[in-house]
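A.B. asks: sequence-free structure coming up:
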């Protein structure tokens, strides 16, 4: 079983089916090196008890939108409790945050999927169309056009990042005519 992870700045660009996102029973992933911070991965490795063979270059998957395997997620939670005896998985992770760790849910998931060997069992790389595209980078949203995004067959989702300074009121005005 897989779960689709979205955030408010993700738009579905075209009609999809389950098989669009999970072909042959394996969830698509899109490697996203532009979205990688080394501190995310070193903090994830620390949280998981150290996994030196999995580095940002060998890890797969980006951030939202993502299709995550329930099997990998459950195994990850079990592993966290095993490497942090006496603590629940959430208490262990919050303790690490309090000590300055900078993990994300995605860096934990993809690091664990890599070192556990479960990645290729539950995921397959996206080819065409891409899982997501978008106006990445601060201020790039100003040149983005919803009508083009919704007619684009190159990706399933479009991400108009709020962290890039996009104005939600402008985005609503841009998207409404296309719905």
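C.D. replies: On my side now, so go ahead. Treat the numbers as computed from the prediction; the structure is a model and nothing was measured.

A.B. asks: any weak-confidence spans in this structure?
C.D. replies: For the chain, residues meeting the criterion pLDDT under 70 lie at 1-2, 33-36, 51-53, 55-60, 128.

A.B. asks: Which residue ranges of it form helices?
C.D. replies: 18-21, 38-47, 70-83, 89-98, 105-116, 119-122, 146-151, 168-175 (DSSP state H).

A.B. asks: Pull out the buried positions in the last one.
C.D. replies: I take that to be helix 168-175. By neighbour count on 16 or more other C-beta atoms under 10 Å, the buried set for helix 168-175 is 171, 174-175. Any C-beta I mention is one placed from the backbone N, CA and C, and that applies to glycine too.

A.B. asks: what do you get for the third one?
C.D. replies: Using 16+ other C-beta under 10 Å as the test for burial, helix 70-83 gives 72-73, 76-77, 79-80.

A.B. asks: for the first one, same thing?
C.D. replies: Buried residues in helix 18-21, counted by 16+ other C-beta under 10 Å: residue 21.

A.B. asks: Which strands or helices does it pack on?
C.D. replies: If you count contacts as 3 or more C-beta pairs under 8 Å, 6 or more residues apart in numbering; DSSP states H and E, helix 18-21 packs onto no helix or strand.

A.B. asks: rewinding a little: which one of the buried residues of helix 168-175 is nearest to residue 114?
C.D. replies: residue 171 (34.4 Å; C-beta to C-beta).

A.B. asks: any idea how far residue 149 is from that closest one?
C.D. replies: Using C-beta to C-beta, to the nearest Å, one obtains 11 Å as the distance from residue 171 to residue 149.
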